[in-house]
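Student: Please find the sequence and the predicted model below.
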Amino acid sequence: MPRMAKTSSAKKAHRAEARRRVFNLRRAKAMRDAVKEFGKSKNASLLPKTQQAIDKALKRGIIKKNTAARMKSRLAKQISVKA
């Protein structure tokens, strides 16, 4: 069971963590939504927007570097297979 922060610095760190969590969840959802939207339409014009969402998630540490590279590679592959 988590304990309450005692020191003022621990309380402040907890507040900061809560703020970061909201931003991280928002960024992860934006990335997932972009990938889903691209997957439904397979429209080449959506590829840059989807890759940008993946890169932003990578920059914030939501996903790892190789995961981002793999996702972008698979998205580009879907376009090339379709064409």
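Tutor: It's in. Numbers count the residues shown, from 1 in each chain.
Student: from here on, contacts and neighbour counts on C-alpha atoms
Tutor: OK.
Student: what number of residues lie near I79?
Tutor: 13 (other C-alpha atoms under 10 Å).
Student: Quick check: pLDDT value at it.
Tutor: We have a pLDDT of 88 for I79.
Student: OK, contacts around it?
Tutor: Neighbour list for I79: K42, N43, A44 [criterion: C-alpha atoms under 8 Å, 6 or more residues apart in numbering].
Student: Show me which residues of the longest helix along the chain are buried.
Tutor: The longest helix of the chain (DSSP state H) is helix 8-41. Across helix 8-41, burial judged by 16 or more other C-alpha atoms under 10 Å covers N24, R27, A28, A30, M31, R32, A34, V35, F38.
Student: and it, how far from the chain's centre?
Tutor: Distance, stretch centre to chain centre, for helix 8-41: 8 Å (C-alpha atoms, centre = their mean, to the nearest Å).
Student: Mind giving me the packing neighbours of it?
Tutor: On a contact count with 3 or more C-alpha pairs under 8 Å, 6 or more residues apart in numbering; DSSP states H and E, helix 8-41 meets helix 47-59.
Student: 10 Å instead?
Tutor: Counting contacts by 3 or more C-alpha pairs under 10 Å, 6 or more residues apart in numbering; DSSP states H and E, helix 8-41 is packed against helix 47-59, helix 65-82.
Student: Most tightly packed of those?
Tutor: helix 47-59 (a mean of 19; mean count of other C-alpha atoms under 10 Å).
Student: How far away from the center of its chain is it?
Tutor: So, by C-alpha atoms, centre = their mean, the centroid of helix 47-59 is 8 Å from its chain's centroid.
Student: which helices and strands does that helix pack with?
Tutor: helix 8-41, helix 65-82.
Student: Mind putting those into CSV with distance to L58?
Tutor: Converted to CSV, these look like this (distance: least, C-alpha to C-alpha, whole Å):
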stretch, distance to L58
helix 8-41, 10
helix 65-82, 6
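Student: looking at those helices, which is closest to T50?
Tutor: Of all the helices and strands packed on helix 47-59, helix 8-41 sits nearest to T50, with 5.2 Å by C-alpha to C-alpha.
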